[in-house]
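Enquirer: Generate coordinates for the sequence data below:
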Amino acid sequence: MDMLWNGWGDPAKAAPLPDSVTALLRDLLGVKPRTTPALTLEDAAPPAPTAGPAAFEALAEAVGGDEHVRTDDESRVRHTRGKSTPDLLRIRAGDFSDVPQAVVLPASHDEVLAVLRACAAHGLAVVPFGGGTSVVGGLAPQRSAFVALDLRRMNGLLDLDPVSRTAVLQPGLRAPEAEALLAERGFTLGHFPQSFEWATIGGFAAARSSGQASAGYGRFDEMVLGLTLATPEGTIETGRAPRSAAGPDLRQLILGSEGAFGVITSVTVRIRPLPQVRVYEGWRFASFEEGTAALRRLAQDGPRPTVLRLSDETETLIGLAQPDAIGGDPAQNAAGCQVITGYEGTPEDTAQRREQAAAVLTACGGTLLGAEPGERWAHGRYSAPYLRDALLDVGAFAETLETAAFWSRVPDLYRAVRTALTDTLTEAGTPPLVMCHISHVYENGASLYFTVVSAQGEDPVAHWEPAKHAANEAVLAAGGTISHHHGVGTDHRDWYVREAGPLGVSALRAVKRRLDPEGLLNPGVLLPTD
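Expert: Numbering: from 1, shown residues only. Below is the predicted model:
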C-alpha cells in the first residue's frame, strides 16, 4: 500500500477533527477554515519529464525492464518531497517543482550500482527513497533533473545469526515487516519511532533515527553493526566485527549521510530476544523542571525504563501525551506534567525495574497514575501525524521540531526555543500554542521535541519560515544540536554547516567529491552544493 500522496499514512486511518475541536481552535488561535477546494490526485499536473528516451532506456536496462521505471504522473507525484508540514502544504497547493523525472525500482546492490552509472552518463541526480517520511526536506534536492530511487523491492531479511544476535536487513524493508520477520525467529529490533508504520531500515540509518523505546534499546545508529554502501565510484562495506580499533569507524560516516554519499543497500543490526511482557504506566509531576530532574536521575543512576517520556504542562493539558486524544476532555488532563514509563523483558526483570524506578520517581515528587495513561499512550503512539493532517484540513498550522543538549543546558534550551516560536508567530499575528516533551534520555543529556499549532496565515509556508529560522537560531545559541533524530535535509543544512564548522564541512565535502565526483547524490541535502 502507498502512503497518502498529500498527507500521512493509511488513508483509512485519516479522520476529521470533531466540530468541538475545530471551534476551540477558532476561539483560541483564530484559525479560519480553508476556503479553496482541495486538490485531488486526478487533478495533479506535474511537468512532463524532460530526460530523453536514451536515459529511460538506460535506467530500464539497469533494473531489468521498463516495468521498474515509472514515469506516470501518479508515481512521480507520490515521490515528490517528504511529509513535513511545508512539504504537504506545497503539494496541496499544486506546487510540483520538486517532482522527479522518474521513479526507479532496483532489486539488488548491483542494480543500484547500475542505476548510478546510468544516471551519471545522462546527467541525472539520484534521491534514495525509502518510506518517504522525511520531515526536514531530505527528499527535495537542489536539481530539477533527478530520479527517485525507490528501494521497496529490496525488502528482505538476508541473514540472521542467533548466536551473535545479528541480522542483515535490506534498506527498503519497512519497520513493521522487519519486526514481523524477526519475531518469527524470537527476536526484535526494538526500534519504534513515530514513523514506524511507514519508515524503512535504510531511512533509519541514513537519518540517524531514534525510536520511542530508545531508553532501553538505544538509537538506531547504536544498533547498526555494519553497512553496505553503493556509490558512483563503487562499493564500501563496513562492520566485520562488533568493535574495532582499525582506524576511524566508516559506519559513522555513512550513518546520517542522508543519501549524499551513497545508497545504503544493506544494514547489519544488533537484535534482542523478543520481550515476554510489555508494561506501560503514567506518572505526574508538579512541573516540567521536577519531571526533568526525575528523568535525569533515572538516566544517570538507573534503573532506566525501556520507554521514558515527559510532557510539559501545555502538552499534558492539551492531551498530546495521548496522541490520539488531542483536544480531549481537559478535566482528564489535570495540572502538572505527565511522564510515561515503559518496561520490556522477562516478567521478573520487568517487575524489578518497575519497583526500583517507582522508588526513584516517588522520591523525586512523582505521583503514580497507574497503567491506564501508559496504555493510552501505547495505543495511540503512531497517531500524531494523522492529527497534524486533520489540523491542516481545518486551516490550522501544525509542525514539529526537535533538538538535544546536555542536561545542564536543557532548561535554557527549552525556554529559548519556546520564546523564539511564540514571539515570532505572535508578531506575525498568529499567536501559537507551543508544546514540548522530552522523548529520549541519555546519561549526559536529553532531547526536546516541540509541537507548534497556530493559524496558517495568508501564505502558510512563508508564514512559518521566520519562526523556523528563529527556532534554529535559538537552538544553536542555547547550545543544542540542530537535529536529534530527524536528520539535516535542506531545512537544517545552513545551521548544520555552522554546527560542524568550516573545517569539518570541508572534510565532508572532500568525502563527497571522492565518492560522488559529479555531485549526483541528493544534491543540496546535508551539504550545500558547490
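Enquirer: rest of the way, CA atoms for contacts and neighbours
Expert: Noted.
Enquirer: Quick one: mean pLDDT for stretch 426-437?
Expert: Rounded to a whole number, the mean pLDDT of stretch 426-437 is 97.
Enquirer: Sorry, wrong one. I was asking about stretch 352-370.
Expert: 98.
Enquirer: quick check, distance from that stretch to the centre of its chain.
Expert: 30 Å (C-alpha atoms, centre = their mean, to the nearest Å).
Enquirer: can you list contacts of it?
Expert: Here stretch 352-370 makes contact (C-alpha atoms under 8 Å, 6 or more residues apart in numbering) with 281-286, 290-291, 293-294, 297-298, 302-305, 343.
Enquirer: repeat that with 6 Å
Expert: With contact meaning C-alpha atoms under 6 Å, 6 or more residues apart in numbering, stretch 352-370 is reached by 281-285, 294, 303.
Enquirer: can you check stretch 42-50 too?
Expert: Where contact means C-alpha under 6 Å, 6+ apart, the residues beyond stretch 42-50 that reach it are 96, 101.
Enquirer: Can you list the buried residues in it?
Expert: Along stretch 42-50, the positions that meet the burial threshold by neighbour count (16 or more other C-alpha atoms under 10 Å) are 44, 46, 49.
Enquirer: Does the second one lie in a helix or a strand, and which?
Expert: If I follow you right, that is Pro46. When secondary structure is defined using DSSP states H and E, no element contains Pro46, which sits outside every helix and strand.
Enquirer: What separation do you get for it and Arg70?
Expert: To Arg70, Pro46 is 14 Å away according to C-alpha to C-alpha, to the nearest Å.
Enquirer: The first one now?
Expert: Distance from Ala44 to Arg70, counting by C-alpha to C-alpha: 16 Å.
Enquirer: Equivalent analysis for the last one, please.
Expert: Between Pro49 and Arg70 the computed distance is 11 Å (C-alpha to C-alpha).
Enquirer: Who are the contact partners of Asp150?
Expert: For Asp150, the set of contacting residues under the criterion of C-alpha under 6 Å, 6+ apart consists of 104-105, 129.
Enquirer: So which of those residues are in strands?
Expert: By the criterion of DSSP state E, membership of the contacts of Asp150 in strands covers 104, 129.
Enquirer: for the contacts of Asp150, which one is nearest Val224?
Expert: Comparing these against Val224 with C-alpha to C-alpha places Phe129 closest, at 19.7 Å.
Enquirer: Might one say that that closest one is in contact with Leu149?
Expert: Yes. Phe129 sits in contact with Leu149 when judged by C-alpha atoms under 6 Å, with a separation of 5.4 Å.
Enquirer: Who has more neighbours out of those two?
Expert: With other C-alpha atoms under 10 Å as the criterion, Phe129 and Leu149 differ in neighbour count, and Phe129 comes out ahead with 29 against 24.
Enquirer: So for the more buried one, what's the nearest residue that isn't a sequence neighbour?
Expert: Counting by C-alpha to C-alpha, 6 or more residues apart in numbering, the nearest residue to Phe129 once its immediate chain neighbours are dropped is Asp150, at 4.7 Å.
Enquirer: for Ala396, same thing?
Expert: Sequence neighbours aside, Ala455 is the residue nearest to Ala396 in space, at 4.8 Å (criterion: C-alpha to C-alpha, 6+ apart).
Enquirer: List the contacts of the one you found.
Expert: Contact analysis of Ala455 by C-alpha under 6 Å, 6+ apart lists 31, 396-397, 430.
Enquirer: per-residue pLDDT, it?
Expert: In the predicted model, Ala455 carries a pLDDT score of 96.
Enquirer: And Pro323, by the same measure?
Expert: What the model reports for Pro323 is a pLDDT of 44.
Enquirer: Kindly report the same for Asp329.
Expert: The per-residue pLDDT of Asp329 was computed as 48.
Enquirer: Could I get the full set of helices for the stretch 101-250 of the chain?
Expert: Ranges of helices in the stretch 101-250 of the chain, per DSSP state H, counting those that start in this stretch, are 109-122, 175-183, 201-207, 214-217, 220-223, 250-254.
Enquirer: mind checking which of these is nearest Asp423?
Expert: When the helices of the stretch 101-250 of the chain are ranked by distance to Asp423, counting by C-alpha to C-alpha, first place goes to helix 201-207 at 30.2 Å.
Enquirer: Please enumerate the helices of the stretch 301-450 of the chain.
Expert: Under the criterion DSSP H, counting those that start in this stretch, helices of the stretch 301-450 of the chain are mapped to 313-318, 347-363, 371-379, 384-393, 410-427.
Enquirer: Closest to Pro37 out of the buried residues of stretch 42-50?
Expert: Sorting the buried residues of stretch 42-50 by distance to Pro37 puts Ala44 at the head of the list, at 13.0 Å, by C-alpha to C-alpha.
Enquirer: and the gap between that closest one and Gly336?
Expert: Taking C-alpha to C-alpha as the measure, Ala44 and Gly336 are separated by 46 Å.
Enquirer: repeat for Ala107
Expert: Applying C-alpha to C-alpha to Ala107 and Gly336 gives a distance of 51 Å.
Enquirer: Could you tell me whether Thr268 really is in a strand?
Expert: Yes. Counting by DSSP: H, G, I helix; E, B strand; the rest coil, one finds Thr268 located in a strand.
Enquirer: check contacts around it.
Expert: When contacts are taken as C-alpha under 6 Å, 6+ apart, Thr268 is in contact with 167-168, 224-226.
Enquirer: Look up the closest residue to it, ignoring the ones flanking it.
Expert: When the adjacent residues along the chain are set aside, Thr268 lies closest to Val168, with 4.3 Å between them (C-alpha to C-alpha, 6+ apart).
Enquirer: what about the one you found, how many neighbours?
Expert: Around Val168 there are 20 residues (other C-alpha under 10 Å).
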